[in-house]
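Peer 1: Sequence first, then the predicted structure, then my questions.
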Amino acid sequence: MDATNVRDRLIGDEQERAVSPVIGVILMVAITVILAAVIAAFVLDLGGSVGQEAQAAVSIDVDHEADAIQVEVTSMGNADHVNLSSSNWDTGSGEPDNASLLTVGDTVSYTEADDLEPAGTISAIAVINESETETQVASEDWEF
């Protein structure tokens, strides 16, 4: 018995077959995996937990000749205000009064004689009040 005639009737010859069975199975598995991932993303709400970082534009200039630091807030982005922070405040009671709640156009200056130790780092931190998000947007080292 010659099985080629029976095989050609069931499967078809080379011109009649569109896709091999192996390729068909691989495509079906791929479509199923993609569909399951999309459904899982909607059901588990995977994208909803991503938070938004605070954004602001701050300019920090260190003047070594005058032993002074000038900080200017130039843009708020999505932040509500900007706080300044340093581990080297020389005020005895933490940060100076003018180091928090800065908004656009605010300019703050610090000098070695008034508020700063001879060396350190000053950082500008943008804050979103609603989500209590804080993001460091600028930082500068100084040494007088």
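Peer 2: On my side now, so go ahead.
Peer 1: any idea how far the most centrally placed residue in the chain is from L101?
Peer 2: Nearest to the geometric centre of the chain sits E53, at 5.8 Å (C-alpha atoms, centre = their mean). From E53 over to L101 the distance is 19 Å, taken as C-beta to C-beta, to the nearest Å. Just so you know, the C-beta spots here come from the backbone N, C-alpha and C atoms, and that holds for glycine as well.
Peer 1: M28 too?
Peer 2: For M28, the distance to L101 - C-beta to C-beta - is 60 Å.
Peer 1: With S123 instead?
Peer 2: 16 Å.
Peer 1: Just want to know which of the two has more residues nearby.
Peer 2: S123 (16 against 11; other C-beta atoms under 10 Å).
Peer 1: what does the domain assignment say about this protein?
Peer 2: 3-49, 57-143 (the TED database).
Peer 1: Give me whichever of those is most buried.
Peer 2: domain 57-143 (a mean of 16; mean count of other C-beta atoms under 10 Å).
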